[in-house]
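Participant: Next one to model:
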Amino acid sequence: MTAESTELPLAAAFPDADREQWQRLVEGVLRKSGVTEATGAAAEDALATDLQDGIRVRPLYTAEDGAAASGRPGFPPFVRGGRPEGTTVAGWDVRQRQVHTDPRRANEAVLADLENGVTSVWLTVGHGGVPVSGLAEALKGVYLDLAAVVLDAGADFAPAAEELLRLYAAAGVPAAEVTGALGSDPLGLLARTGDESKLRVQLEAAARLAGRCLAEAPGVRALAVDALPYHEAGGSAAEELGTSLATGVAYLRHLTAAGVGIDDACRQLEFRYAATADQFLTIAKLRAARRLWARVAEVCGAAPGASAQVQHAVTSPVMMTRRDPWVNMLRTTVAGLSAGVGGADAVTVLPFDAALGLSDAFARRIARNTQSVLLEESHLSKVIDPAGGSWYVEQLTDELARAGWAFFQEIETAGGQAAALRSGLLRERLAETWARRTEDLAHRREPITGVSEFPLLAEAPVEREPAPAPVSGGLPRVRRDDAYEVLRARSDAHLAAAGARPKVFLAALGPVAAHTARVAFTANLFQAGGIETVQEPVDAESVAAAFARSGARIAALCSSDAVYGEQAAAVAAALKAAGAVRVFLAGRPGERREEFEAAGVDAFVFAGCDAVEVLSSALDVMEVAG
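Facilitator: Residues are numbered from 1 along each chain as shown. Here you go, the predicted model:
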């Protein structure tokens, strides 16, 4: 094969496949599965998936799906990374969060983390963390010239920053060797608290800190652009991008007005984003964020060397569940992988029990070892932008960038980030986004493993020491499991009062092959609400006795449509006569709805039904029935 050859000899022996051939294969699969009779592009479209922000993910991407040029690593628009070498030299920064209020306990956790793979400390100070006066004890024994310290001090950012800078000086760390971030984020604080009474003062204090960092410790960044408040309020990926851009622009305006040069102002910002278990969406979001910020910096007149966005990715608090928290280990592993592949400079993997309170030593060890495996065993940092060049990833990056830019423009049109918070624009938009996602969660179109899918009711709850209450008063904090957590709490109350959880009797009709699938589906659905299931194969003659033995107050019929036609009406009537307060039928009623309802069927459960509404109504009935 010559150097000029463009085809492998083996491949050259076969004709090239085209999109039409692939579509015809898709048509056949869809037709056999009974999904649709669509052909051509319509058949391909049947496999597409709708994401938030108006983005539609297609099942196939080819070279025809062109996207904006992504450039080279370390060069504008920085899609492929902010540095030419990426993270290949030393890996990304493994940053662990500390939330203890006791300086001594915080210090123990900090030292344990740094001795076991963590490279920087993200320390909560002030409200919800160690007091500013305890910062020295919390960092006792830490080599401040080796480990970067990042502060999350909320309204106390100014005194906390003063104390940290004092500790650097007292330790004799040369100014050129000091690294870290002071974490001042007045607009993020406004989003969290809704209190703008001190916003101007806080912005001025942040500008003074930036000036001091530039003069005394150029390796320290004074301001954080934190998108987590918007993510935790239910925002989409594009809304995270838009709010972060608007916040960053607001800080650039304030810093330059205070006399800081545009290049220095850009270097004083660190951006924080959520990394979710949606692998490709997270990768594309981080790539799009760098592209968008490079454009902002360019328009503001910043030099190319100052316009690379510094990114800190944090595994999403929204995705963390309180039930079956062990599954969070899997979620954070995927999220951490996505953050690293997406090019984040620093990554924080939250412990799997973070939603339950203060994490224990085991959870913290798993969190930091997750990153160690990704770095040391999976070698993810050894490849620069490993997702780059994927037609899907490049297209998704482009679509997210456009959606994020559009939202940024909307915020700017409304007067900027502070004005959008003040007017309620952001609260309303985020609430609308979360309402749509809540519908998907309730209908289980977005499944939550261990909660809405495959729950384990017999598992003992994981208990942790309560964590300090976070600041409140501003945007809400939501979690994907919120609605199901309410249902499970009602089940727990029933267990505490009656000594047993609520039960539903599953009447399995006909042969095993007829009822297996719907029994599994129905059991999974009811257990998502904390309702135990008792299953027995029955018919119209035996169902009353079986129902009485179960101790349940409600029942569900489970079988095939054919068997329903023969037995459902009689069995439903027998269940009602035996005292069933409510009878469900697993499956869509179709043309037989009136017949089934006349026999005693009260409701129907099927794929795509509102599971939260079904479960809530079932618990209502059982609570009233005692």
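
Participant: and the gap between residue 607 and residue 453?
Facilitator: Distance check for residue 607 against residue 453: by C-beta to C-beta, to the nearest Å, it reads 12 Å. Any C-beta I mention is one placed from the backbone N, CA and C, and that applies to glycine too.

Participant: joint contacts of those two?
Facilitator: Contact criterion C-beta atoms under 8 Å, 6 or more residues apart in numbering; residues shared by residue 607 and residue 453: residue 444.

Participant: how long is stretch 268-288 from one end to the other?
Facilitator: 20 Å (C-alpha to C-alpha, to the nearest Å).

Participant: And stretch 581-601, by the same measure?
Facilitator: In stretch 581-601, first residue to last residue: 10 Å (C-alpha to C-alpha).

Participant: Same check on stretch 175-193?
Facilitator: Across stretch 175-193, the straight-line distance between its terminal residues is 34 Å, by C-alpha to C-alpha.

Participant: What of stretch 40-60?
Facilitator: Stretch 40-60 end-to-end distance (C-alpha to C-alpha) = 13 Å.

Participant: Show me how far that stretch is from its chain's centre.
Facilitator: Between the centre of stretch 40-60 and the centre of its host chain there is 22 Å, according to C-alpha atoms, centre = their mean, to the nearest Å.

Participant: now stretch 275-286
Facilitator: Using C-alpha atoms, centre = their mean, the mean C-alpha position of stretch 275-286 is found 9 Å from that of the whole chain.

Participant: pretty sure residue 296 contacts residue 250?
Facilitator: No - the pair residue 296 / residue 250 is not scored as a contact, 11.3 Å apart, by C-beta atoms under 8 Å.

Participant: Quick one: the strands in the stretch 501-626 of the chain, in order.
Facilitator: When assigned using DSSP state E, counting those that start in this stretch, the strands of the stretch 501-626 of the chain occupy the ranges 503-509, 532-538, 554-558, 582-586, 603-605.

Participant: Remind me what the first one packs against, helices and strands.
Facilitator: For strand 503-509, the contact count by 3 or more C-beta pairs under 8 Å, 6 or more residues apart in numbering; DSSP states H and E identifies helix 512-527, strand 532-538, helix 543-550, strand 554-558, helix 569-577 as packing neighbours.

Participant: okay, which residue of the protein is out on the far edge from center?
Facilitator: Residue farthest from the centre of the chain, counting by C-alpha atoms, centre = their mean, is residue 541 at 49.9 Å.

Participant: can I get the strands of the stretch 501-626 of the chain in CSV with mean neighbour count and mean pLDDT?
Facilitator: Shown next, in CSV, are these (neighbours: other C-beta atoms under 10 Å; pLDDT from 0 to 100):
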stretch, mean neighbour count, mean pLDDT
strand 503-509, 26, 97
strand 532-538, 19, 96
strand 554-558, 30, 97
strand 582-586, 25, 97
strand 603-605, 20, 96
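
Participant: Can you check which of these gets nearest to residue 136?
Facilitator: Ranking the strands of the stretch 501-626 of the chain by distance to residue 136, with C-beta to C-beta as the measure, places strand 532-538 first at 53.0 Å.

Participant: just the helices and strands packed on strand 503-509: most buried one?
Facilitator: Neighbour counts averaged per stretch over the helices and strands packed on strand 503-509 are highest for strand 554-558, at a mean of 30; criterion: mean count of other C-beta atoms under 10 Å.

Participant: List the strands paired with that one, with their directions.
Facilitator: Neighbouring strands of strand 554-558 in its sheet, by DSSP bridges, are strand 503-509 (parallel), strand 582-586 (parallel).

Participant: Let's have those strands in a markdown table, adding distance to residue 158.
Facilitator: Listed next are those as a markdown table, based on distance: least, C-beta to C-beta, whole Å:
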| stretch | distance to residue 158 |
| --- | --- |
| strand 503-509 | 57 |
| strand 582-586 | 59 |
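
Participant: out of these, nearest to residue 85?
Facilitator: strand 582-586 (56.9 Å).

Participant: what is the orientation angle of that closest one with helix 569-577?
Facilitator: Between the axes of strand 582-586 and helix 569-577, defined by axes from the mean of the first three to the mean of the last three C-alpha atoms, to 10 degrees, the angle is 150 degrees.

Participant: Strand 582-586 versus helix 543-550: what angle between them?
Facilitator: With the same axes, to 10 degrees as the basis, strand 582-586 and helix 543-550 are set at 110 degrees to each other.

Participant: Tell me what residue 221 is bridged to.
Facilitator: The bridge-partner assignment for residue 221, based on DSSP bridges, gives residue 181.

Participant: any idea how far it is from residue 616?
Facilitator: 47 Å.

Participant: what about these two, which has more around it?
Facilitator: Each of residue 221 and residue 616 had its neighbours counted (other C-beta atoms under 10 Å), and the higher figure belongs to residue 221 (22 against 17).

Participant: Tell me if I'm right that the more buried one and residue 182 touch.
Facilitator: Yes - Residue 221 is in contact with residue 182 according to C-beta under 8 Å; the separation is 7.1 Å.

Participant: the strands in the stretch 51-200 of the chain, which residues?
Facilitator: For the stretch 51-200 of the chain, strands defined by DSSP E, counting those that start in this stretch occupy the ranges 56-57, 93-98, 120-124, 148-152, 180-184.

Participant: Give the other helices and strands that the last one contacts.
Facilitator: The contact analysis (3+ C-beta pairs under 8 Å, 6+ apart) places strand 180-184 against strand 148-152, helix 157-170, helix 199-216, strand 220-226.

Participant: need those in TSV with mean pLDDT, can you?
Facilitator: Rendered in TSV, the data for the helices and strands packed on strand 180-184 read as follows (pLDDT from 0 to 100):
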stretch	mean pLDDT
strand 148-152	97
helix 157-170	96
helix 199-216	97
strand 220-226	98
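
Participant: Return the distance of residue 408 relative to residue 265.
Facilitator: Taking C-beta to C-beta as the measure, residue 408 falls 18 Å from residue 265.

Participant: now do residue 614
Facilitator: Taking C-beta to C-beta, one finds residue 614 at 54 Å from residue 265.

Participant: Among these two, which residue is more densely surrounded?
Facilitator: Set side by side, residue 614 and residue 265 give different neighbour counts by other C-beta under 10 Å, the larger being at residue 265 (28 against 20).

Participant: List the residues that contact that one.
Facilitator: 210, 251, 252, 255, 256.
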